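**Q** just coords:
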């Protein structure tokens, strides 16, 4: 019979500092052992093969955070282990039990969900007395209660039990928790400087690229984001004094990246702003006209008229850098001027919006407000670069295809990116109004670009009539399951990973020897079938491109405002994975 134990870590004082339980747990999970001494309760009962459930208590809450297997009986702590111990004075610990098959639960299981059911918590009002000591015996009944509650949590859309239990089998190292907001606590607001320009769908927070740029590059080295989106990585690279390149197929993303990384002189910007706003007020010429499907359905005639006037006036701004800045301001009000519901990322004319059909739409007013807002952010960004940046690092958009990068071999030192998700975001559908009104692409050009997108939603019938397989046993097994219920989705998944493999080979080519490729991505559920995307990405990067995965971790997605809520067969991703691959 296998014994089961709760291994406990609690926030506590060490001198004048408070040591958090999560820090103790992460260190012990990383090192693969739990520190104890002969006075520890149940010390003599611990056996190799026993099951351990990890419990953390403190200001961050009370929760069960994972489980593992005891890989040894209590043994004397080694000098190397002693040097890495945290939690108490090292002399306090004389022994350790080694751990294996560590499975970090994300999200963790709050104690509140099971406190009334757990038999060992006899006094529910003073529950904390039952978590005193380092190790507590756990009955089979209570262990099953914890496991059952965890299974129910993972039945929510976004993360499956299959994904969770496979975490420890995927990583070559212990899975880390990347709390990027804490790792880069100097960033107090994710929309600081030019990061606040335009609500681009599914963009990652600036703390993510900042953390990796700071820790994996030196000043004046080169950073590449091959799926740069609205330019978050390039902005952070510029602020940190690194040269950077970005690639994206979406012309709006290219525009946003150029504008967000191009500082503007305050006096010149203020002068052109005043001239533009005055020109809009006095304009009597023909409004700029754009044609796209169902324009009258999405935009009232009065809104079309004013938007056309604003665009015509922007086109008269002589300097390209300032003209493009105003285009971004303009793009940021287009959705507000439409009949699309602003609470949904994709354009949808909802019942709520129909009831507001007679609302007052004021494009000129919205534009003036947005220009003033973005001017302040641009001036702050430009001032910072002028005052604090040692050297103005170049940031450049160099192409539109991550599978065919316009850079030489071994020309970049770090790649940081968040690629398109499988079956998650139709970037062109989400931004089609802005692309059309800014004149970046016509409707037929948008359709052509959509066909080139990795993770494309629409494919022709003849593509998926036959089962397509990749040669990766685990991925192919998933494709087969999906094919049984949805041939089109099966082909989309197949195509996504095939195209990602092509991209990874290009990443390997342009990356310098010993350089790192960092990718953040979420797992998926396709037709109710879990797709452990991050694990499959590791397989492809290692086995098809030649990278070596050296770090795997996750961060909890704090906000879903820019994530698409998919149908019941999909689900919203609640965890974002980050993997560090090295070119050896």
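**A** Alright, I've got the coordinates. Everything numeric in this text was worked out from a predicted model, so none of it was measured.

**Q** C-alpha from now on. contacts and neighbour counts both.
**A** Will do.

**Q** what's the spacing between residue 413 and residue 419?
**A** 19 Å (C-alpha to C-alpha, to the nearest Å).

**Q** between the two, which one's more packed in?
**A** With other C-alpha atoms under 10 Å as the criterion, residue 413 and residue 419 differ in neighbour count, and residue 413 comes out ahead with 23 against 19.

**Q** Now do the buried residues in the strand or helix carrying the more buried one.
**A** Secondary structure from DSSP states H and E places residue 413 in strand 412-417. With burial defined by 16 or more other C-alpha atoms under 10 Å, the residues of strand 412-417 counted as buried are 412, 413, 414, 415, 416, 417.

**Q** Neighbouring strands - and their directions - for it?
**A** strand 222-225 (parallel), strand 511-522 (parallel) (DSSP bridges).

**Q** mean confidence for it?
**A** Regarding strand 412-417, the rounded mean pLDDT is 98.

**Q** For that strand, which outside residues touch it?
**A** Contacts with strand 412-417, where a contact means C-alpha atoms under 8 Å, 6 or more residues apart in numbering, come from 209, 212-213, 216-217, 221-228, 233, 507, 510-512, 515-520.

**Q** for the protein, what's the longest helix?
**A** helix 363-388 (DSSP state H).

**Q** Next SSE downstream of it?
**A** Scanning the chain past helix 363-388 towards its C-terminal end, the next helix or strand to appear is strand 395-399 (assignment: DSSP H and E).

**Q** Can you list the strands that that next one pairs with?
**A** According to DSSP bridges, strand 395-399 has the following sheet partners: strand 243-247 (parallel).

**Q** on that earlier part again, ok now the strand holding residue 413, how far from the chain's centre?
**A** Between the centre of strand 412-417 and the centre of its chain there are 16 Å (C-alpha atoms, centre = their mean, to the nearest Å).

**Q** And for stretch 36-52?
**A** Stretch 36-52 sits 39 Å away from the centroid of its parent chain (C-alpha atoms, centre = their mean).

**Q** backbone phi and psi for residue 58, please?
**A** phi 160, psi -160 (degrees, to the nearest 10).

**Q** if I pick the spatially closest residue to it that is not a sequence neighbour, what's in contact with it?
**A** Counting by C-alpha to C-alpha, 6 or more residues apart in numbering, residue 58 lies nearest to residue 11, which is 4.9 Å off, once chain neighbours are set aside. By C-alpha under 8 Å, 6+ apart, the contact set of residue 11 is 18, 19, 20, 21, 57, 58, 59.

**Q** what packs against the top strand by length along the chain?
**A** Among the segments of the chain that qualify as a strand by DSSP state E, the longest is strand 95-110. If you count contacts as 3 or more C-alpha pairs under 8 Å, 6 or more residues apart in numbering; DSSP states H and E, strand 95-110 packs onto strand 33-36, strand 63-70, strand 75-76, helix 140-154, helix 161-165, helix 167-170.

**Q** Pull out the buried positions in whichever helix or strand comes after that strand.
**A** Tracing the chain C-terminally past strand 95-110 and defining elements by DSSP H and E, one meets strand 135-137 next. Along strand 135-137, these residues count as buried under the neighbour rule (16+ other C-alpha under 10 Å): 135, 136, 137.

**Q** Ok, stretch 576-584 next?
**A** For stretch 576-584, the buried set under the neighbour-count rule, 16+ other C-alpha under 10 Å, comprises 576, 577, 578, 579, 580, 581, 582, 583.

**Q** hang on, the second one packs against residue 521?
**A** Yes. The pair formed by residue 577 and residue 521 meets the contact definition of C-alpha atoms under 8 Å, at 5.3 Å.

**Q** per-residue confidence at residue 422?
**A** Note for residue 422: predicted pLDDT of 67.

**Q** before we move on, back to that, columns distance to residue 380 on top of the buried residues of strand 412-417, output as TSV?
**A** Shown next, in TSV, are the buried residues of strand 412-417 (distance: C-alpha to C-alpha, whole Å):
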residue	distance to residue 380
412	29
413	29
414	27
415	27
416	25
417	26
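
**Q** List phi and psi for the residue nearest to residue 58.
**A** Here residue 11 shows phi and psi, under degrees, to the nearest 10, equal to phi -50, psi 140.

**Q** how close does it get to residue 108?
**A** 17 Å.

**Q** Quick check on the contacts of strand 412-417: which are buried?
**A** Buried among the contacts of strand 412-417 by 16+ other C-alpha under 10 Å: 209, 212-213, 216-217, 221-228, 233, 507, 510-512, 515-520.

**Q** you'd agree residue 113 is up against residue 148?
**A** No. Because the distance of 10.9 Å does not satisfy C-alpha under 8 Å, residue 113 is recorded as not touching residue 148.

**Q** Low-confidence bits of this structure, can you list those?
**A** Of all residues in the chain, those with pLDDT under 70 make up the ranges 1, 14-17, 83-92, 152-174, 389-391, 422-426, 455-458, 557-574.

**Q** Pop the domain breakdown of it in here.
**A** Domain segmentation of the chain under automatic domain parsing yields 4-153, 266-379.

**Q** Can I get the ones you listed in TSV including distance to residue 436?
**A** Converted to TSV, those look like this (distance: least, C-alpha to C-alpha, whole Å):
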stretch	distance to residue 436
domain 4-153	41
domain 266-379	7
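
**Q** out of these, nearest to residue 182?
**A** Judged by C-alpha to C-alpha, the one of the domains of the chain that comes nearest to residue 182 is domain 4-153, at 12.4 Å.

**Q** who's in contact with the nearest residue to residue 102 once chain neighbours are set aside?
**A** The spatial neighbour of residue 102 that comes closest, neighbours along the chain excluded (C-alpha to C-alpha, 6+ apart), is residue 68 at 4.3 Å. By C-alpha under 8 Å, 6+ apart, the contact set of residue 68 is 51, 52, 53, 99, 100, 101, 102, 103.
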